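Novice: predicted structure and sequence below. I'll ask about it afterward.
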Amino acid sequence: MSATFRFLLTRFIGLIFVLLALSFITFIVGYFAPGDPIRDLMGPHYVPQVYQQLKHAYGLDLPWWQQYFNFLSHVMHGTFGLSFYFKGQSAWSIVQSGLPYSVDLGLEILAVTLLIGIPVGAITAIHANTGIDTALTAIMMIFFAVPDIALIVTFQILMVWLYQNGLPSLPPDGWNSWQSHVGPVLITATTGAGYFARLTRTTVLETLGKDFVRTANAKGLHERVVMARHVLRYSSIPLITSIGVSLGYLVTGIFITEKFFNIPGISQITLTAIGQSDYPVIQAAVLLTGASVVLFNALTDVVYVMVDPRIRLN
């Protein structure tokens, strides 16, 4: 059995235990949460007999442990149970409907984040303690510090004002054209770009002081060759870790961004489910997040070996 296969098998087993623990915590929180989802579902049309029938239909009149095992059975069948709010639909079908939007949004945000953050971080490291470093670092820190919600509101007000005055503008919300992607992607990517720029600057500066980099420079290698073959490769380990964590959360999109830009992704669906006490949908979204985080963290460790052969999987 190879080390890679043994490592992946161990992580897969760990994934099962993590998801079991996560499912139990999510279920218990929903079970003891205040409110009555069936009562909320009936609204002003409450009839005691119908209420009891609905509780029985959803299995909410059973002991908590039996409800939990029923929930695990629904997970194994890929349905996660029936939604309370979206009548007649499985929780997974509801979450799945928002998955393409969230993944699309997350991938675009991550791509813009890396395309801005990593090059800017490398440039500031190469030109450390110069005017270029000071200016770019200040801009990135502003991006990192300003809350997304402030930029979103400012952007939307500005776009509405431009439109009302007959000037070129971008859609203030939605996700139905490439123009509508510009605002949410660029605004949400600013925070990540600032973080990756700072992280890249720190790791590249540390790597530039290593003996093997001095040796490569002493051999007369071109600066670009030294940066590509040695500095950036050695500095990529912390970046891979951060990218792996970011990939784990792609499937759930960005809560604030999806909410304020009215993007029908998983985050928007989850917020609606929370407001309606739709626990099956909430549980499906939480487990999806947990599974993606553990999976991408495991894949990140595999990428470590590809980037740096000195690392071994145990």
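Specialist: Perfect, I can see it now.
Novice: domains in this protein, by residue range?
Specialist: Following automatic domain parsing, one gets these domains for the chain: 3-91, 98-307.
Novice: out of these, deepest packed?
Specialist: Neighbour counts (mean count of other CB atoms under 10 Å) averaged over each of those peak at domain 98-307, with a mean of 18. C-betas here are computed from N, CA, C, even on glycine.
Novice: quick one: mean pLDDT over that domain.
Specialist: The average pLDDT for domain 98-307 rounds to 83.
Novice: quick one: that domain to chain centroid distance?
Specialist: 10 Å (CA atoms, centre = their mean, to the nearest Å).
Novice: how about the helices in the stretch 201-314 of the chain?
Specialist: Here the stretch 201-314 of the chain has its helices, by DSSP state H, counting those that start in this stretch, at 211-218, 223-226, 232-248, 255-260, 266-275, 279-307.
Novice: now swap in the stretch 1-150 of the chain and tell me
Specialist: In the stretch 1-150 of the chain, the helices defined using DSSP H, counting those that start in this stretch lie at 3-32, 37-42, 48-57, 64-76, 91-126, 131-145, 148-164.
Novice: what's the closest of these to residue 290?
Specialist: In terms of CB to CB, the element of these nearest to residue 290 is helix 3-32, at 4.5 Å.
Novice: the helices of the stretch 1-150 of the chain: which one's closest to residue 181?
Specialist: If you check each of the helices of the stretch 1-150 of the chain against residue 181 by CB to CB, helix 91-126 wins as the nearest, at 6.3 Å.
Novice: and the angle for that closest one with helix 131-145?
Specialist: With axes from the mean of the first three to the mean of the last three CA atoms, to 10 degrees as the basis, helix 91-126 and helix 131-145 are set at 160 degrees to each other.
Novice: show me what helix 91-126 packs onto, helices and strands only.
Specialist: If contacts are counted by 3 or more CB pairs under 8 Å, 6 or more residues apart in numbering; DSSP states H and E, helix 91-126 sits against helix 131-145, helix 178-208, helix 232-248, helix 255-260, helix 266-275, helix 279-307.
Novice: among these, which is nearest residue 14?
Specialist: Smallest distance to residue 14 across the helices and strands packed on helix 91-126 (CB to CB): 7.2 Å, for helix 279-307.
Novice: how about JSON lines for the helices of the stretch 1-150 of the chain, with distance to residue 193 added?
Specialist: Converted to JSON lines, the helices of the stretch 1-150 of the chain look like this (distance: least, CB to CB, whole Å):
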{"stretch": "helix 3-32", "distance to residue 193": "30"}
{"stretch": "helix 37-42", "distance to residue 193": "41"}
{"stretch": "helix 48-57", "distance to residue 193": "49"}
{"stretch": "helix 64-76", "distance to residue 193": "37"}
{"stretch": "helix 91-126", "distance to residue 193": "4"}
{"stretch": "helix 131-145", "distance to residue 193": "6"}
{"stretch": "helix 148-164", "distance to residue 193": "12"}
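Novice: out of those helices, which comes closest to residue 286?
Specialist: Closest of the helices of the stretch 1-150 of the chain to residue 286 is helix 3-32, at 4.8 Å (criterion: CB to CB).
Novice: list the helices and strands the closest one packs on?
Specialist: helix 64-76, helix 279-307.
Novice: out of the ones you listed, the one nearest residue 171 is which?
Specialist: Smallest distance to residue 171 across the helices and strands packed on helix 3-32 (CB to CB): 26.4 Å, for helix 279-307.
Novice: and that closest one with helix 232-248, angle?
Specialist: Using the same axes, to 10 degrees, helix 279-307 lies at 170 degrees relative to helix 232-248.
Novice: what about residue 143, distance to residue 152?
Specialist: Going from residue 143 to residue 152 by CB to CB, to the nearest Å gives 14 Å.
Novice: and of the helices of the stretch 1-150 of the chain, who's closest to residue 280?
Specialist: Of these, nearest to residue 280 by CB to CB is helix 91-126, at 3.7 Å.
Novice: quick one, what contacts the closest residue to residue 205 other than its chain neighbours?
Specialist: Closest residue in space to residue 205, ignoring its immediate chain neighbours: residue 125 at 4.8 Å, by CB to CB, 6 or more residues apart in numbering. Neighbouring residues of residue 125 by CB atoms under 8 Å, 6 or more residues apart in numbering: 133, 200, 201, 202, 204, 205, 208.
Novice: excluding its backbone neighbours, what's nearest the first one?
Specialist: For residue 133, ignoring the flanking residues on the chain, the nearest one in space by CB to CB, 6+ apart is residue 124 at 4.5 Å.
Novice: how near is residue 58 to residue 91?
Specialist: Using CB to CB, residue 58 is found at 12 Å from residue 91.
Novice: which neighbours do the two have in common?
Specialist: Applying CB under 8 Å, 6+ apart, one finds that residue 58 and residue 91 are jointly contacted by 81, 82.
Novice: for residue 133, which residues are in contact?
Specialist: If a contact means CB under 8 Å, 6+ apart, then residue 133 has 124, 125, 127 as its contacts.
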